[in-house]
Structure formats: C-alpha cells, structure tokens
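> This is the structure alone, sequence omitted:
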C-alpha cells in the first residue's frame, strides 16, 4: 500500500476497541487512535456503522450490550471523526456485489463481506484492515491485513 492510499477498516476492529474484555482491546484502541490522529488513512462505510451498532447492542454478541442511546453516542464520534473518511456505496455497488457473490459462490452472511469489497473497489480501495482476514482471503481483488498480527 502506498503512503497516500486509503485503506478500509472492518467492523471487528471497532468492536474490539469498544470491548474492554476483548484480547485485542488495547491493540484495537491503538489502531483507532492512530487513525483518529491521521497517522493512518482509513475509511469506513455506513455498512460498518450498521454492523457495529448491531453488534454492540446485541446481548448475544456483546458482553455488556449498549442501549440504543448509548450506542449512538459511541458511534457518532467515530462516523464524524475528521480523519476517518466516509466511504459510500455507489449506484453500481450492488451489481458488483452480486457479481462477486456469483464469482466466488458465496452464501449467507458472506454476502456482506462481498458488499464491503464491492464498496471498497467502487471507491478505489484495495486494502482492508480486519481481524478476520480469512473472511476476505477469497477475494483476489483486495488485500486483507490483520493489524493485530503486526502489533505482536
């Protein structure tokens, strides 16, 4: 990745940054802090914000689920952060998502990974930071990097 290129941040990094019980909590906090200070050029999409909200308010996924008001209070500064670029799907993104789903024969929730990849590609982004690089390994069009492996 070139110094002036932007990368995409997957939802799990934000989840770990908010979950004090996560084994990745400190690394995730550091990663998000470097992003917020502009040391890393990172983007997120409305889908990531939606996935974050769904996770941190779900008692089956969060050890301490937040109320809707608490979740919005936590998410809003992330979405509005000056140094985090907001990446939006384009009109063609669904077509590209469906093309990726068909090409890689994806099923179930893997559709949403394809949607992230399509949003990235439609915005000229080819690198994603994620703790689940295996979820994105199938996509030949992008590179998945686990920032927690680099921190170790």
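Nice, thanks for sending it over. Note that this is a predicted model, so its numbers are computed, not measured.
> what ranges do the strands span in the chain?
Shown for the chain, the strands assigned by DSSP state E span residues 7-9, 42-44, 84-86, 127-129, 143-145.
> Run through the residues that contact the closest residue to residue 97 other than its chain neighbours.
Leaving aside its sequence neighbours, residue 97 sits nearest to residue 118 (Cβ to Cβ, 6 or more residues apart in numbering; 4.2 Å). No exception for glycine: its C-beta is placed from N, CA and C like everyone else's. Contact analysis of residue 118 by Cβ atoms under 8 Å, 6 or more residues apart in numbering lists 89, 93-94, 96-97, 99-100.
> Recalculate using a threshold of 6 Å.
93, 96-97, 100 (Cβ atoms under 6 Å, 6 or more residues apart in numbering).
> By neighbours, which of those residues wins?
residue 97 (23 neighbours; other Cβ atoms under 10 Å).
> Pretty sure that residue sits against residue 114.
Yes: the pair residue 97 / residue 114 is scored as a contact, 5.1 Å apart, by Cβ atoms under 6 Å.
> What segments of the chain are helices?
Ranges of helices in the chain, per DSSP state H, are 11-18, 25-36, 46-56, 68-80, 93-104, 110-122, 133-136, 147-151.
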